[in-house]
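Colleague: Turn this into a model:
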Amino acid sequence: MPKYLIAFVISVFFVNFILIKPANVFAMTGQASVNPNDFDGTDTERISQAIQKAKNTSNLVRIPRVNANGTNIWMIDSAILLPSNLTLILDNCTLQLSNSSRDNMFRSDNVGLGITNPEWNENINIYGIGKAILKGASNPRSTGDGARMLTLNPKEEQDKGNWRVSYGTDAGNPEMKQKGDWRNIMMLIGYVKNFTIKNVRFENTHGWTISFERTIGAELSDLTIFNEEFVRVNGEQHMVSNKDGINLRQGCKNFRIDNISGVTGDDFIALSNLDTAPELVKKNGNITDSMVTASRWYGPEDDIEQVVITNISCENRYRAIAIRASDQAGIHHVYINGVVFKANEGRHDAILIGGRGYGEESLPGKINSIHAMNIIGNGQSLVRIQAQVADCHFMNGMYSGENATATLYEIDSLTTSNVTQNNWIKVK
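Modeller: The predicted model follows:
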C-alpha cells in the first residue's frame, strides 16, 4: 500500500476515533441505549418514556438528531425529569421549549412544585455529541425570576418607571400567574450528588440557563451559552430579565466549571448565597420563589465552597463572575483561573465580591478564600469588593477600562482582612 494511503487510513482512523469516542465509551458498558423514537406520544412524553424504560436497567438514553415525526427538533412542553443514575446522550440533536411550555426543560425529579421534603438524587450525566443544542421557546409564556412582572411590552413599562418586568405571553391573563419563578430556568438541579454536563450549547433561555441548589460534586465543561438580554418575537425586540449563565445557590460544593464561553443578558456565572426576606417562612417546592428549594441559609451545610472556575470567555453588561452572600451565609474556597471578559457599554466588572440589595450585608469574613488569577477585562474594574472579605488574593490581571485602578472598593478597604494583589494592573 502506498505511504500516502497508509497515512490517509491512519488519519481517518484517528479522526473517527476522536469523533466516536463518546459513543464507544458507552458501548463498552455493554448496555444498549434507549431511543425516544421507539415510543408513541408527544416529544416530551416519548423522552420521558425512554427515561423510565432505561431506569434501573441500562440507565442510558440517547436522543438522536432525527425525530420520528420527520423533523430535526424535539419540542418540549413540560420539564423532562431526571432520576438518579441516568446518562442522557444528546446526539447532534436540538431540543426546544414549545410556546405552550411554562416549565424547565430539564429538572432533577426529586424537586418541584409541592415537593416539601426532597430526597437526594445522585449520578446524573448529560453528554452532548457533535452539535447538541437546547433552546428556549420562540414566543415564551413567561420569563425572568420570581420578582419580575410579566408584560407584553417591557420597554413601555420601563418608560413608566416599572423596571422589574420581563416579557411573557401570559401577561394580562387572569388565569395565569403574573410573575416569573423557578420554572423559567432551563436546567434546574437540586439535592443531587454527582452531576456532569459536557459539550452542550444553550440558546435564548427564559431566565437562568442552569441553576444548582444544594448540589454536591458537579462537573461542567465545554458549554456555549448564547443568552442575550433581548429576544426577537414576531420581528420585535423584547427584553427578557435574569438571563444568567450558570448559577450556584445554597449548599453547592465541590464544583469544577471549565471551558465555558458565550454571551448572556445577566451575570455569566453567579455564586449566590442569599436570604432576601429572613422574616418570611421559606419552603421547598414553593412556586412563588426563584428557587425550587428553600431560599434560606440554615447553617454551614448551606455554604457554597470548593469551587474551581477555569477558562471562561464571556460578554455582557453585568459580570463574568458574581459572588454574592448575605448575613451569615458563607462562600469560600473559590479558585478562578483564566477569565476574558468583554463588558458591553463599559458596564460593571469581571468579578464582583459582596452583593448589595439582597438582604443583610455579608458579615465580616463570611466570604473568604477567593483566589483569582489571569483575568483580562474592561468595564469598571477587574474586581469590585462590596463586603468585608478575608483571605482573598488576585494575581496577573490586565484591566483596560476607564477607571484608574483594576480594583474598586465600595467599602473601607481597612475593614477587609488579608486581601492582596500581585501584577494586577491597569493597561492602556
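
Colleague: which phi and psi does Gly70 have?
Modeller: phi 100, psi 0 (degrees, to the nearest 10).

Colleague: So what's the residue count around it?
Modeller: Neighbourhood size, Gly70 [other Cβ atoms under 10 Å]: 6. Every residue, glycine included, has its C-beta placed from N, CA and C.

Colleague: if I look at it, how far off is Asn37?
Modeller: 11 Å (Cβ to Cβ, to the nearest Å).

Colleague: And the strands in the stretch 101-250 of the chain?
Modeller: Remark: strands assigned in the stretch 101-250 of the chain by DSSP state E, counting those that start in this stretch are 106-108, 121-129, 133-135, 149-151, 165-167, 187-203, 210-227, 230-233, 236-239, 246-248.

Colleague: ok, now the stretch 251-400 of the chain?
Modeller: 253-264, 269-273, 304-316, 319-325, 331-343, 349-354, 367-377, 381-385, 390-399.

Colleague: For those strands, state which one has the densest average packing.
Modeller: Comparing these on average neighbours per residue, with mean count of other Cβ atoms under 10 Å, the densest one is strand 319-325 at a mean of 28.

Colleague: how distant is it from the center of its chain?
Modeller: 13 Å (Cα atoms, centre = their mean, to the nearest Å).

Colleague: just stretch 375-392 next, same as before
Modeller: Distance of stretch 375-392 from the chain centroid (Cα atoms, centre = their mean) equals 21 Å.

Colleague: Any regions of the protein where pLDDT drops low?
Modeller: Along the chain, segments meeting pLDDT under 70 span 1-31.

Colleague: mind redoing it with 90?
Modeller: Scanning the chain for pLDDT under 90 picks out 1-31, 56, 275-281, 346, 355-359, 428.

Colleague: pretty sure Ile210 contacts Val200?
Modeller: No - here Ile210 lies out of contact with Val200, judged by Cβ atoms under 8 Å, at a distance of 9.4 Å.

Colleague: More neighbours: which of those two?
Modeller: In this view Ile210 and Val200 are compared by other Cβ under 10 Å, and Ile210 has more residues nearby, 26 against 22.

Colleague: Distance of the more buried one relative to Gln52?
Modeller: 24 Å.

Colleague: what does Gly299 give?
Modeller: When Gly299 is compared with Gln52 (using Cβ to Cβ), they lie 36 Å apart.

Colleague: Settle it for me: which of the two has more neighbours?
Modeller: With neighbours defined as other Cβ under 10 Å, Gly299 and Gln52 compare such that Gln52 has more, 14 against 10.

Colleague: State the three-state secondary structure for that one.
Modeller: Assigned with DSSP: H, G, I helix; E, B strand; the rest coil, Gln52 falls in the helix class.

Colleague: Which residues lie in contact with the closest residue to Gly355 other than its chain neighbours in this structure?
Modeller: Closest residue to Gly355 apart from its sequence neighbours, by Cβ to Cβ, 6 or more residues apart in numbering: Arg324 at 2.8 Å. By Cβ atoms under 8 Å, 6 or more residues apart in numbering, the residues touching Arg324 are 270-274, 331, 352, 354-355, 358.

Colleague: try Gly245
Modeller: 208-210, 225, 227, 260, 262, 264, 267-270, 314.

Colleague: 10 Å instead, please
Modeller: Contact analysis of Gly245 by Cβ atoms under 10 Å, 6 or more residues apart in numbering lists 202, 205, 208-210, 223, 225, 227, 257, 260-270, 312, 314, 316, 320-321.

Colleague: any idea how far it is from Glu301?
Modeller: Distance, Gly245 to Glu301, by Cβ to Cβ: 26 Å.

Colleague: What of Phe202?
Modeller: For Phe202, the distance to Glu301 equals 30 Å [Cβ to Cβ].

Colleague: Neighbour count for those two, which is higher?
Modeller: More neighbours surround Phe202 than the other of Phe202 and Glu301, with 24 against 11 (other Cβ under 10 Å).

Colleague: mind listing what the more buried one touches?
Modeller: 105, 132-136, 186-187, 209-210, 223-227, 245-246, 262, 264.

Colleague: what are the ranges of the helices in the stretch 51-200 of the chain?
Modeller: Secondary structure of the stretch 51-200 of the chain by DSSP state H, counting those that start in this stretch: the helices cover 154-159.

Colleague: Near the nearest residue to Pro278 once chain neighbours are set aside, how many other residues are there?
Modeller: Spatial nearest neighbour of Pro278, chain neighbours left out: Gly359 (6.5 Å); criterion: Cβ to Cβ, 6+ apart. Close neighbours of Gly359, defined as other Cβ under 10 Å, add up to 19.

Colleague: Ile51 too?
Modeller: Ile51, neighbours per other Cβ under 10 Å, totals 20.

Colleague: Name whatever forms a beta bridge with the nearest residue to it once chain neighbours are set aside.
Modeller: Leaving aside its sequence neighbours, Ile51 sits nearest to Val61 (Cβ to Cβ, 6+ apart; 5.5 Å). For Val61, the beta-bridge partners are Val34, Leu88 (DSSP bridges).

Colleague: ok now do Val61, which residues does it touch?
Modeller: Taking Cβ under 10 Å, 6+ apart as the criterion, Val61 is in contact with 33-36, 47-55, 80, 82, 86-90.

Colleague: again, 8 Å this time
Modeller: 33-36, 47, 50-51, 54, 86-89.

Colleague: just those now: which is nearest Leu150?
Modeller: Proximity of the contacts of Val61 to Leu150 (Cβ to Cβ) peaks at Ile47, which lies at 27.8 Å.

Colleague: Next, the closest one: secondary structure please.
Modeller: Three-state assignment for Ile47 (three-state DSSP): helix.

Colleague: Next up, the contacts around the residue nearest to it when sequence neighbours are not counted.
Modeller: Of all residues not flanking Ile47 in the chain, Pro36 sits nearest, at 4.6 Å (Cβ to Cβ, 6+ apart). When contacts are counted by Cβ under 8 Å, 6+ apart, Pro36 touches 43, 46-47, 49-50, 61, 63, 74.

Colleague: Repeat the analysis, applying 6 Å as the threshold.
Modeller: 46-47, 50, 63 (Cβ atoms under 6 Å, 6 or more residues apart in numbering).
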